[in-house]
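J.: no sequence for this one, just the structure:
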């Protein structure tokens, strides 16, 4: 039996890695918000499909507001990651290390449950920053007179609390928390599973290196997109709906299924994956580099 050094992540590495990824992918997130908040009237009038709309929206923003406008709301995006992702990664990693102090793989069922609980906590805590993030990103779509013009994320939080009350900071908590649960299950638990499978099934090719981290995170991004896309579709339809169009969330689900069938819940899957995959890949690549270089050393044994 031989001993070897291994490193596990510190509780805050996930938040730092997610914030770093957000700096790179923020324009894609901003464009997603613009597409999701496009009114149904515009869609009915012939707004391009999401694939075309993504390019068209980019050109409109850059021509009218400049390239830096693609980073509107970056401070709120960073605050969201530092609250939402620090919480979900922190709980997940700390509890996982408690369940397996020597770094061995814990059962997938335990990881799914742990990821769900971690995601719920992160989704709730990150809701205020997420709400301010959406408002700041959407500001440039509004007429100048109607813009909120938050100076930064903290200013946005203070103004919402002062002008609208603390309950407004948690608007959309149910949907945000539900999506966070599915996102965290799709990203964290499946990333660990794919990484473990790659390193055990093809050990000559996949070691604890960048290739493995990239491959596992790409696969995890696909799973996360699959789990969260129905929620994104429903959220977008509810946001675009006219007054009294839907009586409830369940009503919108029934109507969507009646109109488009099961496939309707996955409309826009490809552009959704294009947006989510870079965030997932960069988050885990940054996270693993932090773990390898600055993680906590543990001693494990090999037969």
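T.: On my side now, so go ahead. If you're wondering where the values come from, they're calculated on a predicted model, not measured in any experiment.

J.: Return the list of helices and strands in contact with whichever strand or helix holds residue 258.
T.: In the assignment (DSSP states H and E), residue 258 maps to helix 249-260. Using 3 or more C-beta pairs under 8 Å, 6 or more residues apart in numbering; DSSP states H and E as the contact test, the elements touching helix 249-260 are helix 210-240. Backbone N, C-alpha and C define where each C-beta goes, glycine included.

J.: Check which helices and strands the helix it packs on sits against.
T.: helix 13-36, helix 173-184, helix 190-201, helix 249-260, helix 269-294.

J.: which one of those lies closest to residue 96?
T.: Among the helices and strands packed on helix 210-240, helix 190-201 comes nearest to residue 96, with 8.1 Å by C-beta to C-beta.

J.: Who are the contact partners of the residue positioned nearest the centre of the chain?
T.: Among the residues of the chain, the one closest to the centroid is residue 183, at 6.5 Å (C-alpha atoms, centre = their mean). Applying C-beta atoms under 8 Å, 6 or more residues apart in numbering to residue 183 gives the contacts 119, 224, 227-228.

J.: Compare these and tell me which has the most neighbours.
T.: Among the contacts of residue 183, residue 119 has the most neighbours (other C-beta atoms under 10 Å), with 28 neighbours.

J.: wouldn't it be in contact with residue 182 here?
T.: Yes - at 7.3 Å, residue 119 counts as touching residue 182 under the criterion of C-beta atoms under 8 Å.

J.: Next up, identify which helix or strand the residue nearest to residue 152 when sequence neighbours are not counted is on.
T.: Leaving aside its sequence neighbours, residue 152 sits nearest to residue 75 (C-beta to C-beta, 6 or more residues apart in numbering; 4.4 Å). For residue 75, the host element (DSSP H and E) is helix 74-80.

J.: Quick one: mean pLDDT for that helix?
T.: Averaged across helix 74-80, the pLDDT comes to 92.

J.: I'd like to know which elements the helix or strand just after that helix is packed against.
T.: Next helix or strand after helix 74-80 toward the C-terminus (DSSP H and E): helix 86-99. Applying 3+ C-beta pairs under 8 Å, 6+ apart, one finds that helix 86-99 contacts helix 13-36, helix 108-138, helix 173-184.

J.: what comes up buried for the first one?
T.: The neighbour-count check on helix 13-36 (16 or more other C-beta atoms under 10 Å) flags 13-22, 25-36 as buried.

J.: what's the angle between it and helix 210-240?
T.: 40 degrees (axes from the mean of the first three to the mean of the last three C-alpha atoms, to 10 degrees).

J.: so how far is helix 13-36 off the chain centroid?
T.: How far helix 13-36 lies from its chain's middle: 8 Å, per C-alpha atoms, centre = their mean, to the nearest Å.

J.: re earlier: per-residue confidence at the residue nearest to the centre of the chain?
T.: At residue 183, pLDDT is 94.

J.: just to revisit the earlier point, show me the one of the helices and strands packed on helix 86-99 that comes nearest residue 89.
T.: Among the helices and strands packed on helix 86-99, helix 13-36 comes nearest to residue 89, with 2.1 Å by C-beta to C-beta.

J.: so for the closest one, what's the average pLDDT?
T.: So the average pLDDT for helix 13-36 ends up being 86.

J.: how near is residue 246 to residue 166?
T.: For residue 246, the distance to residue 166 equals 27 Å [C-beta to C-beta, to the nearest Å].

J.: which stretches of the stretch 101-250 of the chain have low pLDDT?
T.: 235-244 (pLDDT under 70).

J.: let's go with 50 and repeat that
T.: Flagging of the stretch 101-250 of the chain using pLDDT under 50 yields the residue ranges 239-240.

J.: Compare the helices and strands packed on helix 210-240 and give me the one nearest residue 207.
T.: helix 190-201 (6.6 Å).

J.: I would like the residues contacting that closest one, please.
T.: 105, 108, 111, 205-208, 212-213, 215-217, 219-220, 223-224, 280, 284.

J.: Identify each buried residue in that helix, please.
T.: Taking 16+ other C-beta under 10 Å as the criterion, helix 190-201 shows 190-195, 198-199 as buried.

J.: chain center to that helix: distance?
T.: That offset, for helix 190-201, works out to 21 Å (C-alpha atoms, centre = their mean).

J.: go on, stretch 58-68?
T.: Centroid displacement of stretch 58-68 relative to its chain, using C-alpha atoms, centre = their mean, is 24 Å.

J.: Now do the buried residues in that stretch.
T.: 58, 61.

J.: Quick one: neighbours of the residue nearest to residue 7 when sequence neighbours are not counted, just the number.
T.: Spatial nearest neighbour of residue 7, chain neighbours left out: residue 295 (3.3 Å); criterion: C-beta to C-beta, 6+ apart. Neighbourhood size, residue 295 [other C-beta under 10 Å]: 17.
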